[in-house]
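In: Just need the structure, nothing else, for what follows:
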Amino acid sequence: MAGEYLLGNRSNVAFVDDNESAWIYRLKLIESATKSLFVQYYIVDPDSYGMAFLGGLLKAQRRNVQVKLMVDSIGSLKMSRKLWAQDYLQELVAAGAEVRVYAPVLRTGRPKVFGVNH
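Out: The predicted model follows:
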């Protein structure tokens, strides 16, 4: 049943039962977007999946699709410029995308040790 649409084609809901197929679906959705992409992720890492994801969003923004991305500061810690001297999200911002980091870790200059409820 992987990849089959549920409830016919009217719902646009797909059942995907493995990670590789899920990433393929995500990337196809990004490629097919014509107006906007509003995306929230807890974890975005600078690995092959994360970079393909961010690259797809960048291509979408460059073809005038409105891109808004929110990532979690803990789950996407490796994307932070302040900690790793590389900011993989900055190119999206420079292209016109709106990027937000939820609950920035270094908001006060000190790492938040407590206060995570997940």
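In: For L69, give me its contacts.
Out: The neighbours of L69, taking Cβ atoms under 8 Å, 6 or more residues apart in numbering as the test, are 39-41, 57, 89, 92, 97-100. Where C-beta positions appear, they are placed from N, C-alpha and C, glycine not excepted.
In: is it in a bridge, and if so with what?
Out: Applying DSSP bridges to L69 gives these bridge partners: V39, V99.
In: what ranges do the strands span in the protein?
Out: 4-6, 13-15, 36-41, 66-72, 98-102 (DSSP state E).
In: what sits against the residue most central in space within the chain?
Out: Geometric centre of the chain, nearest residue: Y41, 5.1 Å, by Cα atoms, centre = their mean. By Cβ under 8 Å, 6+ apart, the residues touching Y41 are 53, 69-72, 75-76.
In: try 10 Å this time
Out: Listed by Cβ atoms under 10 Å, 6 or more residues apart in numbering, the contact partners of Y41 are 26, 50, 53, 69-72, 75-76, 102.
In: Repeat that for L54.
Out: Counting by Cβ under 10 Å, 6+ apart, L54 touches 44, 46, 69, 71, 79, 88-89, 91-92, 97, 99.
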